[in-house]
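# next input, structure requested:
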Amino acid sequence: MVETPRPRAAVHANGAHDSAFDPERYRTHLLAAIEWIRSAHRAAGGTGISKGYDLVRRRWAPWYPETTGYTIPTLLNAASVVGLPDLETLALGLADDLVAAASPEAAVGHWVNQRAAPIVFDTGQVIFGWLAAHEARQDPRYLSMAALAGDWLASVQDGSGAWKAHQYLGVTKVIDTRVAWALLELWRRTGLAAHRDAAVANLEWALGEQTPDGWFQQCAFRPREAPFTHTLAYVAEGLLESGRLLGERRYVAAAQRTVDALLDRQKPDGRLAGTFGPGWRAQSRSSCLTGNCQLARLWLVFFQRDGSERYLRGARRAIAFVAARQNLTSGNAGIRGAIAGSSPLYGRYERLKYPNWAAKFFLDALLALRQVERGGEALRFAG
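Have a look, this model is predicted:
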């Protein structure tokens with residue numbers, strides 16, 4: 001029998017989706033998501049983080065290099081903000097796991113198999129993890145691995161600026177702006193022009209795939225599919241953060257067109273349709289919870305940039321919508337504290353599953369909201 005998680009109270013007080021920040025409820029949801037990530041690590045045998053929990057099969061998946069990589073900076077940020085030093089130990093252990101799993105080029109495949117073909121996007125996300133580990137510990141191994149991975153990414157890039165080889169499912173995707181962002185974070189530390197040039201070439205290519213209303217072509221995992229909010233947010237994250245690093249307003253403006261279009265389509269309760277086709281036509285009745293979390297963080301960044309309250313309201317609503325769907329009481333460690341792929345659970349994205357990256361992006365959104373509401377210092381680790 002499938003256990004149906006019971007929705008719990010949202011982050012904000014009085015049931016209002018755009019009410020004032022409630023630090024106690026915030027902390028409860030945040031700690032539950034952290035504990036779920038610890039459970040996912042234990043379920044993977046103490047190496048990496050399990051891809052997630054399957055509600056139908058009632059089992060954990062093997063560990064997943066890509067998302068393990070970009071969860072490292074999240075854990076390091078949480079360790080500092082929440083005061084949990086064991087999270088730093090966990091994060092650095094994950095960085096070591098990725099060193100062991102990488103190919104001779106410091107690339108990673110879609111699953112843990114050194115003989116598997118390396119994947120561009122996955123490798124870019126692991127760079128975030130190694131850079132964060134290097135910044136936390138100043139161990140040169142991590143920077144060396146990140147630089148090797150950056151060299152490999154630059155060497156396999158197509159002349160158009162896209163990455164056409166070494167793609168998941170063989171499909172060229174604009175979500176690789178998030179790889180460009182990783183390369184720019186690397187460039188800040190190495191000063192190597194090849195890393196910066198590869199990033200800029202990809203960002204320029206991606207701009208050509210954006211329609212005037214902010215939507216992106218080649219943004220789905222498969223051809224002719226409508227992209228999820230998760231992948232649309234990936235592209236916006238890459239453009240925004242790359243634009244901030246380079247001082248390039250065109251990239252920031254492109255990201256803003258996307259997040260503004262999605263904010264215009266947010267429902268009063270905080271949800272967004274899970275997929276959008278050309279012209280921003282909603283093509284799913286379910287909501288992609290990961291995308292909601294990513295967009296909440298993006299809206300918070302734009303609120304900090306221009307002070308527009310509509311961004312803050314949208315972020316609060318999105319976080320409250322997701323938090324209300326986090327089960328805090330289940331006896332099943334695969335469910336308790338997790339964030340599902342979709343709402344409702346049987347929706348199109350990661351149907352009846354709890355992916356680890358949903359918890360990661362939920363934590364990112366909560367940490368960003370805390371920083372905004374309390375006027376604290378910016379989060380230290382990127383990814």
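# make it CA atoms for all contacts and neighbour counts henceforth
OK.
# so what's the gap between stretch 287-299 and the chain middle?
9 Å (C-alpha atoms, centre = their mean, to the nearest Å).
# go ahead and name everything in contact with it.
Residues outside stretch 287-299 that contact it (C-alpha atoms under 8 Å, 6 or more residues apart in numbering): 228-234, 237, 259, 271-275, 311-312, 314-316, 318-319, 322, 339-344, 347-349, 357-359, 361-362, 364-365, 368-369.
# redo that, cut-off 6 Å
The contact list for stretch 287-299 (C-alpha atoms under 6 Å, 6 or more residues apart in numbering) reads 229-230, 272-274, 311, 315, 318, 341-343, 349, 358, 361-362, 365.
# among the residues you listed, which two are most distant?
Farthest pair in the contacts of stretch 287-299 (C-alpha to C-alpha) is Tyr311 and Tyr349. Separation: 24.9 Å.
# buried set for stretch 150-166?
Within stretch 150-166, the residues that count as buried by 16 or more other C-alpha atoms under 10 Å are Gly150, Asp151, Trp152, Leu153, Ala154, Gln157, Gly161, Ala162, Trp163, Lys164, His166.
# look up how far His29 lies from the second one.
According to C-alpha to C-alpha, to the nearest Å, Asp151 stands 39 Å off from His29.
# tell me which of the contacts of stretch 287-299 is nearest to Ala199?
His230 (21.0 Å).
# quick one: which helix or strand includes the closest one?
Using DSSP states H and E, His230 maps to helix 229-246.
# what helices or strands is that helix leaning on?
helix 177-190, helix 249-264, helix 289-306 (3 or more C-alpha pairs under 6 Å, 6 or more residues apart in numbering; DSSP states H and E).
# tell me the buried residues in that helix?
Judged by neighbour count (16+ other C-alpha under 10 Å), helix 229-246 contains these buried residues: 229-243.
# closest to Thr329 among those?
Nearest member of those to Thr329, counting by C-alpha to C-alpha, is His230, at 27.0 Å.
# distance of the nearest residue to the closest one once chain neighbours are set aside from Leu76?
Spatially, and ignoring its direct neighbours in sequence, His230 is nearest to Gly291 (3.9 Å; C-alpha to C-alpha, 6 or more residues apart in numbering). Going from Gly291 to Leu76 by C-alpha to C-alpha gives 22 Å.
# ok, Pro65 next?
Pro65 is 17 Å from Leu76, by C-alpha to C-alpha.
# and what of Leu240?
22 Å.
# for Pro104, give me phi and psi.
Per-residue torsions, Pro104: phi -60, psi -30 (degrees, to the nearest 10).
# run a quick neighbour tally on it.
When neighbours are counted by other C-alpha atoms under 10 Å, Pro104 registers 13.
# what do you get for Gly45?
Neighbours around Gly45, by other C-alpha under 10 Å: 13.
# likewise for Arg374?
Count around Arg374 with other C-alpha under 10 Å applied: 11.
# torsion angles phi and psi at Leu272?
Dihedral angles (degrees, to the nearest 10) for Leu272: phi -130, psi 150.
# so what's the residue count around the residue lying closest to Ala261 once chain neighbours are set aside?
If you skip the residues right next to it in sequence, Ala261 has Gly214 as its closest partner in space, 6.8 Å away by C-alpha to C-alpha, 6+ apart. By other C-alpha under 10 Å, 24 other residues sit near Gly214.
# isn't Gly214 right up against Thr258?
Yes: at 4.5 Å, Gly214 and Thr258 qualify as touching, with contact defined as C-alpha atoms under 6 Å.
# ranges for the strands of the stretch 251-383 of the chain?
276-277, 281-282, 287-288, 342-343, 353-355 (DSSP state E, counting those that start in this stretch).
# pretty sure Ala95 sits in a helix.
Yes: under DSSP: H, G, I helix; E, B strand; the rest coil, Ala95 falls within a helix.
# ok, it - contacts?
Trp130.
# if we use 7 Å, what do you get?
Gly129, Trp130, Ala133 (C-alpha atoms under 7 Å, 6 or more residues apart in numbering).
# now do Pro62
Ala44, Ser50, Lys51.
# neighbour count added to those, as TSV?
Shown next, in TSV, are the contacts of Pro62 (neighbours: other C-alpha atoms under 10 Å):
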residue	neighbour count
Ala44	18
Ser50	26
Lys51	25
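# longest single helix anywhere in the chain?
Longest helix in the chain, counting residues (DSSP state H): helix 23-43.
# what helices and strands are in contact with that one?
In terms of contacts (3 or more C-alpha pairs under 7 Å, 6 or more residues apart in numbering; DSSP states H and E), helix 23-43 is packed against helix 356-374.
# and the angle for the helix it packs on with helix 229-246?
Put simply, helix 356-374 runs at 50 degrees to helix 229-246, going by axes from the mean of the first three to the mean of the last three C-alpha atoms, to 10 degrees.
# by contact count, what packs against helix 356-374?
If contacts are counted by 3+ C-alpha pairs under 7 Å, 6+ apart, helix 356-374 sits against helix 23-43, helix 65-78, helix 289-306.
# and that helix, what's its mean pLDDT?
What helix 356-374 shows for mean pLDDT is 96.
# kindly calculate the angle that it makes with helix 65-78.
Going by the same axes, to 10 degrees, helix 356-374 makes 20 degrees with helix 65-78.
# check which residues of helix 356-374 are buried.
356-372.
# touching that helix from outside, list them.
21, 30, 33, 51-52, 67, 71, 74, 289-290, 293-294, 296-297, 338-341, 377-378.
# repeat the analysis, applying 6 Å as the threshold.
Ala33, Lys51, Gly52, Thr71, Thr290, Cys293, Gln294, Arg297, Ile339.
# for the third one, what are phi and psi?
Spelled out, that is Gly52. Dihedral angles of Gly52 (phi, psi; degrees, to the nearest 10) stand at phi 150, psi -180.
# hmm, it is touching Tyr354, no?
Yes: the criterion here is C-alpha under 6 Å, and Gly52 meets it with Tyr354 at 5.3 Å.
# more neighbours, the two?
Gly52 (33 against 24).
# against Lys173, how distant is the nearest residue to that one once chain neighbours are set aside?
Taking C-alpha to C-alpha, 6+ apart, and ignoring the residues beside it in sequence, Gly52 has Pro355 as its nearest neighbour in space, at 4.3 Å. Using C-alpha to C-alpha, one obtains 21 Å as the distance from Pro355 to Lys173.
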